[in-house]
Each structure stands twice: as C-alpha cells, then as structure tokens.
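> show me the folded form of this:
(chains A and B)
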Amino acid sequence: MIGLLQHVVDALALGSLYALTALGIGLIFGVMRLINFAHGDFIMIGAFSLVVPSSAATSTLLIGAWPAPLMVGGVCFVVIALALATERLAFRPVRRADPSVLLITSFALSFFLQHAVLAVHGGRAKSANIWPHLMEPILIGGVRVPQLQLITIVVTLVLLVVLVVFLRRTPMGIAMRAASEDFLTARLLGIRANRVIATAFAISGLLAAVVSLLYVAQTSVLSFHMGVPLVLFAFVATVVGGMGSLTGAVVGGFVVGIGSVFFQVVLPAGWRSNRDVWVYALVLLILLLRPSGLVKSKSIEEKV
Amino acid sequence: MNTNRLFAGFTATALALAAYSHARAAEDVVIGFAVAQSGWMEAYDGPPLKGAMMAIEEINAAGGILGHSIRAVVSDTKTDTVQGAKAATEVIAKGANFMVVSCDYDMGAPAATVANDKGMVAISFCASDAKMGVQGIGPYAFTMNTPGQTEGAIAAAYGWSKGWRKAYALLDASIEYNKSVCHGFLEYWKKLGGEVVGVDTFMQEDPSIASQITRYKQAAAAKGEPEIMAVCSYVPGAVSAIRQLRGAGIAAPIVSGDAMDGHYWAEGVPGLSHHYAVTFGSIYGDDPRAEVNDFFKRYREKYGEPETSFPLNGYSVVQALKIAAERAGSLDNAKVLAELNKFKKEPLLWGPTTFEPQMHIDQFHPMTVIQIQDGKGSFAASIGLDDPPKLQLIFPEFTADLYEP
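Below is the predicted model of the structure:
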C-alpha cells in the first residue's frame, strides 16, 4: 500500500512537469493555432540563464546565485522577455500565414536558440546546483516524498488555479478565451489581437521559466538539447488532451506522466528499456478511441 | 610598372609557392583528422585532438616519422554523419596518409568507412564500441579504447577488491555504450560470485528517476542494502540520476565507465563522495605513471586545465601511427596495417596496447579507476583483466539476456 502511494506521488510529480509544459504549448495553440516547438528552448534558455555564459566545462552561477525570490524573478524575467521578443520578431510577421509556415518558423527558432547556446556555452552539458536541500525527502504517512516533488505538485496546482481565475474573471482573460474560440470574430468585436497574443506569449514564458527552475533543481542539468524531450512529451500531451483545450493540455500532461511511471513500475526488467514504446502505444489507443483527444474543444471541432 | 609585368611577377611567385608547397607536401607525413570541431561532439573530440597535436609537435621536434615531419590537416564533421564522410574525402584530397576519426562509433563510422574503402588506416580517438574495427567497418579501422564491456568488468573487479558483495545496476538504456558497460559489469560480477540485488533502467533524458528510486528502496528493503551500484550512463543524464539518488539518501558507492571521467560535472551533486569511474588515467597529478603526470603538466601549460583524461588517447593515436610506420619502414598503408596488427602490449601513453588482426580494440587494456570524494577527484586504482568479457558479450548480437533472472 505504501509502495503504491509512493508511486502515485512519483507519477503526479512527473505529470505536473509535463502538464505545465503542455499548458504553455496549449495556450499559444489556442490563441494563434501555432504549435510552438521552441517552447522547450524557452525552458532551456531559462535554465542557462542561471549560469554565467562561458565555454568552460564547469559553470559559475549567475542568477542561480541570487536569493530564491530574486532567482525566480530573474529567470521569469529572462524567459518572458525572450517569449515576447520571439513573438514580436519571429511570429508576428508570419501570423497570417498558413499554420504550416508558423510551425516551420517555430522549428527555425528552436534550432536558432539551440545553436546560439551551443556557440556560447559549448557542446558539453553543464551542471548547476540550485536548492539542493529540496532533494531531501520528508515522510508523510510512511511515504517518502522529496520536498521538490511536493513543491512541483503544489506549484502546478496553484498556477492552474491562478490561470483559470485569470481566464474567467479578468477582461484580458475573457478576451483571450474569445480569441481562442474564434479569432476573426473576436477582432471584429474590438479585441486587440497584438495584446492578446503578446499576453499569451508572456504567460507561456512564465510557465516555461517555472519548468526551468523545477527541472534544474531536480536534475542540475544544463544542456542545449534539454528542452527537446520535454516539448515532445508535452506536445503529445496536448494532442492526447485535445488540441485547443487548456484543460485538455493539463489532463494530457498528467496522462503522459502517469503513464510513463506506470509502465516503469509494471513492466518486467527486460522490457523496461522500451518503456516509451508502451507510453506511445497508450497514446495511440486513446487517440483511436477519442480521435479529438480526451477533452473536446468546440473551436477545433467546428473547423474539422 | 606595366600591368603585364606585374601579372607575370604574381604568376611566377604563385608558381614558385605552389611548387614549394607541393614539394613540402611530398615530404610531410599527413595525418587527416576528420573530427568534430563544432556541434556537441566537439566537446569530446576537442581534448583528444589537442593531445594529438601535442604528439605531432613533440614527435616532429624529435625528428618526425622516418625522417619526415608530420603535418595535420583537420576537417570539421560538424557532429554530423553525412558531413563526416565529406570531411574524410576532404582530408584525403589534402593528401592525408592516415586518418583519425571521432571518439564515437556512430559519429566516426562514416569517415572511417571512407578511409577503409580507400585502403587507408583510420583510428578512432576513443570509440568504445568494438564495431569500430574489422567487424563493423573493415580491416583498416581501429579504436584507441577498450570495449565498454571491459570497463564494466573492471568496475566490478574494483568493487569486489573493496570487499563489496551486493550490487545494484541502473542502466540508461538510451545508447549501446551504456548497455555494454552494464552487461560487462553484471557478467563479471556474477563470475566473481557477487550478488545482484536488482537491475533497473532509465532513459538519458528522463526528467525524473523517482520511480527507479522507489524500486531501489523496495529491493534494498527486501534483499539488503546494495554495497555497490553501477550507474551505466553518461553526462548529463548520469549527473541527473546521481543527484536524485544522493538526494534521496542513497549513499552506496557508484561505479561507471569512461563517460564519467573527470569531476567537472560533479558540481551538480554537492559534496559528492564514493563515485568511481573506470577511465584512461588520472588528470590530478597522482597517476602512478610518471609519463602521464608529466603529459598533463605539459598539457596544462599549453591548453589549461584538462576536463578529462581523453587527451591521452589522442596522443597515443599519433604514437601508434609513428611506431607502426617506422617498423614498416614505409608509409604504405597495407604495411602499416600489418604492423598495427602485431601490437602486443605496445607502450603507448595511455597504456600498453594490444591489437590482433581480428580485434582492433584493446580488450586487455589496464584501466585507471578515478574516485570523487567530497567533490574532489583523485586516483583510486589501476586494474587490468586477464580474463576480459567474452567475445559473445563484446559483439552483442550474441549477447544472452542478462536482465532476465
């Protein structure tokens, strides 16, 4: 029983990380039908902002050496600024283009950011040690929970609640929902497209920054490639959850995270190295049964 | 001055220069390096390339090869397999007599294949896959490393010598090298009579190994706390795993292969202790071999602090070519190949090296165990095996599944 609870906590923590990333992708897809593959690189840039830019093998902390509130603020500032800059410089000029052009733009941006980091920091992955004490577990009813897992789950829940309140109760949130329902009509009704989209990018930057911090605290890893696996899983999560639905993105993130831990736990030793095959098989099964994802989005449905 | 005379003057100078450089090219022994100078592989090819350049400089100062001085031509593979083959063609066009390729089977294979097809000796800096040789590329391909399986077996032998008897293996199943190390470790551990408490896998890019830690704790509770843990992975996934293991209070000594050489990565795991990596030498000035310490002293003066001991292999590649060419009395590749095939405990900088006509990776090579205690690296042991892992294990197509009970 305790073993089972332990696995549940492990699964929820991993699911939280994927859910936060999926939410960042889902938000941008909602307002402008852009699948932003560079979202993983936002996470990567956030992680690298913790250290001094240099090609040395060892890293020296920069923002990572600041006290916790400043560190969180600093990383959020860097990633939000990056997200807004990419929206203005890369995506706004092609906003009216075909979705495939948007997708390719996001790939180009992703390669650009990765190679910029490769040029500045070199190809060898680095380590940054932030908040090491958060790795220590605390016992809750016989279950060993690393504080970081607990923080990841709590932070995710808080951000979800804040985002829901923002989307339902504030004028900007309502404008954003309207834009994601039907962008053209929303504009005709006087909603300012640039502001809505910029706000969506700022929020997705904030979500990416939070994932950067949680990820580095957990793994200490800084690598130019670190965002790619996260964004792939998160993208799959948004599809499983239902493209265009924010609830779906979160649900999908948890499904992928929980599925991943589930197969890690139940598969026999010899099969465990192919765990992701099973996770993706689960994804395929869900899509076969519910082609438009677990949570249906009205706006997408109509277009299909 | 009239333009015609100016032009004639330029032409004459150009012709003279071309004739001079051609004459020089005819005199020099050219080693073509088709290795990564950009992209992520640069971090792994760069240090051995520096070691090779030091060897070229020092051998030239001592008279070169057969009286010819050595000249390096380098072409960037850009960490790309297609570009790897192009880089090989380029260094051949620039007159390469021999070729040196990337420190990895997948990245080095395209260039090595081009060289092999031309009947040119190609040595990888440090690919640890036995396929970088006769079986995977062809008779002209070599690698200056020991198989990952031997590294794993040496890790097991080290643990056994410390009196540890209960082992746990955590395999990052994302690449073959990791599997080789864990296969070698488990096979040798069982041969020594050690107990395996459990075996589990993770993936290099997993953001969390929480469920692996849960399983470890369950196995430890059921069968007793492991006294040694093989973490078969590489940077950065291994750093992430070790950080999470130590963070969860798992203090068991960790052993690993050459991918975890050095301690530049250890700042991700504050105050790390009891980490042991099987690699080529100690960069800390405490290697029992004076020539290794002396080499790193010269390296520091030239290039600054080394991150790993991989420059030793780059140096050894050039040494091997010099020895083989001088014994052959010729730069003819077939003759040099025949001499390389006769290497029997040849004293190269990275250690005594043995090649056989069918075995172009040194499975008997003694390796150095370096340890990290309190975040600091130092020499721990030097171990060579008389009974390295079986060939079935080194060529995994024959590997029995060690992961089933």
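> how about the helices in the stretch 101-250 of chain A?
A:147-169, A:171-181, A:183-188, A:193-219, A:227-241, A:246-266 (DSSP state H, counting those that start in this stretch).
> adding mean pLDDT and distance to chain B, write those helices out as CSV.
All C-beta spots, glycine's among them, are computed from the backbone N, C-alpha and C. Shown next, in CSV, are the helices of the stretch 101-250 of chain A (pLDDT from 0 to 100; distance: least, Cβ to the nearest Cβ, whole Å):
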stretch, mean pLDDT, distance to chain B
helix A:147-169, 91, 7
helix A:171-181, 87, 28
helix A:183-188, 84, 33
helix A:193-219, 93, 3
helix A:227-241, 91, 4
helix A:246-266, 90, 5
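> quick one: the ones you listed as JSON lines, columns for mean neighbour count and distance to B:P347 too.
JSON lines is the format used below for those (neighbours: other Cβ atoms under 10 Å in any protein chain shown; distance: least, Cβ to Cβ, whole Å):
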{"stretch": "helix A:147-169", "mean neighbour count": "16", "distance to B:P347": "50"}
{"stretch": "helix A:171-181", "mean neighbour count": "18", "distance to B:P347": "70"}
{"stretch": "helix A:183-188", "mean neighbour count": "14", "distance to B:P347": "73"}
{"stretch": "helix A:193-219", "mean neighbour count": "24", "distance to B:P347": "42"}
{"stretch": "helix A:227-241", "mean neighbour count": "24", "distance to B:P347": "44"}
{"stretch": "helix A:246-266", "mean neighbour count": "24", "distance to B:P347": "47"}
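> so which of those gets nearest B:E301?
For B:E301, the closest of these is helix A:193-219, at 35.3 Å, according to Cβ to Cβ.
> can you give me the angle the closest one makes with helix A:147-169?
170 degrees (axes from the mean of the first three to the mean of the last three Cα atoms, to 10 degrees).
> mean confidence score for the helix ranked longest in chain A?
Longest helix of chain A, by residue count under DSSP state H: helix A:2-32. Across helix A:2-32, pLDDT averages out at 88.
> what packs against that helix?
Counting contacts by 3 or more Cβ pairs under 8 Å, 6 or more residues apart in numbering or on different chains; DSSP states H and E, helix A:2-32 packs against helix A:39-48, strand A:143-146, helix A:147-169, helix A:171-181, helix A:193-219, helix A:227-241, helix A:246-266, helix B:210-223.
> what's the angle from that helix to helix A:246-266?
On the basis of the same axes, to 10 degrees, helix A:2-32 is oriented at 150 degrees to helix A:246-266.
> the inter-axis angle of helix A:2-32 versus helix A:171-181?
Using the same axes, to 10 degrees: helix A:2-32 against helix A:171-181 is 80 degrees.
> sticking with the residue nearest to the spatial centre of chain B, tell me its helix or strand.
Closest residue to the average C-alpha location of chain B: B:C126 at 2.4 Å, with Cα atoms, centre = their mean. Under the criterion DSSP states H and E, no helix or strand holds B:C126.
> that one: what's it in contact with?
Contact analysis of B:C126 by Cβ atoms under 8 Å, 6 or more residues apart in numbering or on different chains lists B:Y44, B:P48, B:C103, B:T143, B:M144, B:N145, B:D258, B:F310, B:N313.
> contacting residues for the fifth one?
Residues in contact with B:M144, defined by Cβ under 8 Å, 6+ apart, are B:I123, B:S124, B:F125, B:C126, B:N313, B:S316, B:V317, B:A320, B:L348, B:W350, B:T353, B:D362.
> got the buried residues for the longest helix of chain A?
A:6-7, A:9-32 (16 or more other Cβ atoms under 10 Å in any protein chain shown).
> so how far is that helix off the chain centroid?
9 Å (Cα atoms, centre = their mean, to the nearest Å).
> any idea of the angle that helix forms with helix A:39-48?
Going by the same axes, to 10 degrees, helix A:2-32 makes 110 degrees with helix A:39-48.
> remind me which residues of chain B are low pLDDT?
Low-confidence segments of chain B (pLDDT under 70): B:1-26, B:392, B:396-405.
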